[in-house]
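1. any chance you can model this:
(one chain, ligands or ions: 3)
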Amino acid sequence: MMKWLSVALALAAPSHAYIRFGCATLSVQRLDPVVEPGNIPSAHLHQIVGGNAFNATMSGDIGNKATCTTCSFSEDLSNYWTAVMYFKHRNGSYKRVPQYPNALLGTLTGGMTIYYLQDDFSSNGNTKITAFKPGFRMTVGSPTTTSGSNPGLRYTCLQDIMTRGSETNDFPKTACPAGIMAIHHFPACWDGKNLDSPNHQDHMYNTVKGMFQNAGACPSTHPVRMPQLAYETMWNTSQFNDKSMWPTDGSQPFVWSFDDSKGYGTHGDYMFGWKGDALQRAMDSTSLTSNNLKTQSVAEANKCAIKNTVSEPIDGWLEKLPGGM
Ligand SMILES: *[C@@H]1O[C@H](CO)[C@@H](O)[C@H](O)[C@H]1NC(C)=O
Ligand SMILES: *[C@@H]1O[C@H](CO)[C@@H](O)[C@H](O)[C@H]1NC(C)=O
Ligand SMILES: *[C@@H]1O[C@H](CO)[C@@H](O)[C@H](O)[C@H]1NC(C)=O
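-> Ligands and ions are numbered 1, 2, ... in the order given. Here you go, the predicted structure:
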């Protein structure tokens, strides 16, 4: 009886089954230590948040190498990155779209909102959630995808800063008063063996349904349930909403830094770097509101910085995207 009770308690659905936090911009440069390690510069421009160990090549336990982070949880020295959004003027010039932080999370400089869900917002799915391991990395999406079929890769046309839902798999076709939110949900089923794979995706299996809905069961090939990682990036398009700068044929003017005007090629990269067992302790908490994770102030998070390895013009009106994409 006692044994049965304790199992039932361990599996009881917690009321708050996710952590959500802001990370300020760490760097905007052409580096990609997961897909193009050692390439200085990499093919296209990225916006990066998280720990200051970020560089062209990264190996080993990032949580032991970084000394500060732009994230509000100070034990999270991971790196998170996506491509960068540009506006393409009807005259052919490009200008970088600024980022702004989630209104709920204070005045961080740009950056992203990061989520780690147990199973969905209110349940651990009655399973143990295994944290990522030191050295773990993965990507979701691909710059060469032309289908937009992953329900976890989406856009929201923000009517105001709190607009949620109404997701599309391509860039919004009309001007969005409060900007465009780009959403990246990562797969949450692991093969239990590999910290990476040649395409940075095969060691994971995607059961994501989008919109933070309860993910499906993990298959026998990828049996280990990991946190459901997601990014939200708020792109402030408001200085570009003047239609006289938009293409004369009426098409939408935003492109990713790898020159994708449809938006299907949106992708995200993740390099695990939580200190010690901090993330596992959080995932083991029955309610994640009592997760005992250490936090730092917005000012401290904004202060963490790195010296760019690649320096080139990325702002102002440019004739070509960085890297000539
Ligand atoms: C990043 O790597 C480059 C090339 O190996 C090196 O010159 C530079 O010092 C590194 N930057 C940091 C901040 O470690
Ligand atoms: C395009 O328009 C912008 C904004 O007016 C201007 O600064 C830029 O020089 C123009 N580019 C070209 C190629 O005319
Ligand atoms: C978005 O950009 C506009 C125009 O540059 C600026 O006035 C506004 O403050 C920005 N909004 C946020 C939330 O940063």
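2. please name the nearest non-neighbouring residue to the residue in the stretch 101-250 of the chain that ligand 2 sits nearest to.
-> Closest approach of the stretch 101-250 of the chain to ligand 2 (CB to the nearest ligand atom) occurs at M245, with a separation of 7.1 Å. Using the backbone N, CA and C atoms, a C-beta is placed for each residue, glycine as well. Leaving aside its chain neighbours, M245 sits nearest to H89 (5.2 Å; criterion: CB to CB, 6 or more residues apart in numbering).
3. tell me which element R281 falls in.
-> For R281, the host element (DSSP states H and E) is helix 278-284.
4. who does that helix touch, helix- and strand-wise?
-> strand 112-117 (3 or more CB pairs under 8 Å, 6 or more residues apart in numbering; DSSP states H and E).
5. so what does the strand it packs on touch, helix or strand wise?
-> On a contact count with 3+ CB pairs under 8 Å, 6+ apart, strand 112-117 meets strand 18-23, strand 46-50, strand 79-83, strand 228-235, helix 278-284.
6. give me that answer again for 10 Å
-> When contacts are defined as 3 or more CB pairs under 10 Å, 6 or more residues apart in numbering; DSSP states H and E, strand 112-117 sits against strand 18-23, strand 46-50, strand 79-83, strand 180-185, strand 228-235, helix 278-284.
7. sheet partners, orientation included, of the very next helix or strand once past it?
-> For strand 112-117, the following helix or strand on the C-terminal side (DSSP H and E) is strand 137-140. The pairing partners recorded for strand 137-140 under DSSP bridges are strand 268-271 (antiparallel).
8. mind listing what's buried in the strand it pairs with?
-> Neighbour counts using 16 or more other CB atoms under 10 Å place G268, D269, Y270, M271 of strand 268-271 among the buried residues.
9. wait, doesn't the first one sit right on P187?
-> No: G268 is not in contact with P187 according to CB atoms under 10 Å; the separation is 11.2 Å.
10. shared neighbours, these two?
-> Contact criterion CB atoms under 10 Å, 6 or more residues apart in numbering; residues shared by G268 and P187: M138, V140, G152, L229.
11. dump these into TSV; add pLDDT, neighbour count and distance to N194 as well.
-> Formatted as TSV, the shared contacts of G268 and P187 follow (pLDDT from 0 to 100; neighbours: other CB atoms under 10 Å; distance: CB to CB, whole Å):
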residue	pLDDT	neighbour count	distance to N194
M138	98	24	10
V140	98	25	16
G152	95	24	21
L229	97	22	17
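12. greatest separation within those: which pair is it?
-> M138 and G152 (12.6 Å; CB to CB).
13. could you tell me which residues touch both of these two?
-> F186, P187, G268.
14. which residues touch the residue most central in space within the chain?
-> Among the residues of the chain, the one closest to the centroid is Y231, at 3.3 Å (CA atoms, centre = their mean). Taking CB under 10 Å, 6+ apart, we find Y231 in contact with 23, 49, 80-82, 111-115, 140, 182-186, 268-270.
15. which strand residues bridge T69?
-> Here T69 sits in beta bridges with G51, going by DSSP bridges.
16. I figured it hits I48, correct?
-> No: the criterion here is CB under 10 Å, and T69 misses it with I48 at 11.6 Å.
17. tell me which parts of the stretch 201-325 of the chain are close to ligand 2?
-> The stretch 201-325 of the chain has residues W317 near ligand 2, with proximity defined as CB under 6 Å from any ligand atom.
18. and the residue of the stretch 201-325 of the chain closest to ligand 2?
-> Evaluated by CB to the nearest ligand atom, the stretch 201-325 of the chain has W317 as its residue closest to ligand 2, separated by 4.1 Å.
19. would you mind measuring from that residue to ligand 1?
-> Separation of W317 from ligand 1 (CB to the nearest ligand atom, to the nearest Å): 29 Å.
20. now for that residue: which residues touch it?
-> Counted by CB under 10 Å, 6+ apart, W317 has contacts F87, H89, N91, G92, S93, Y94, K95, R96.
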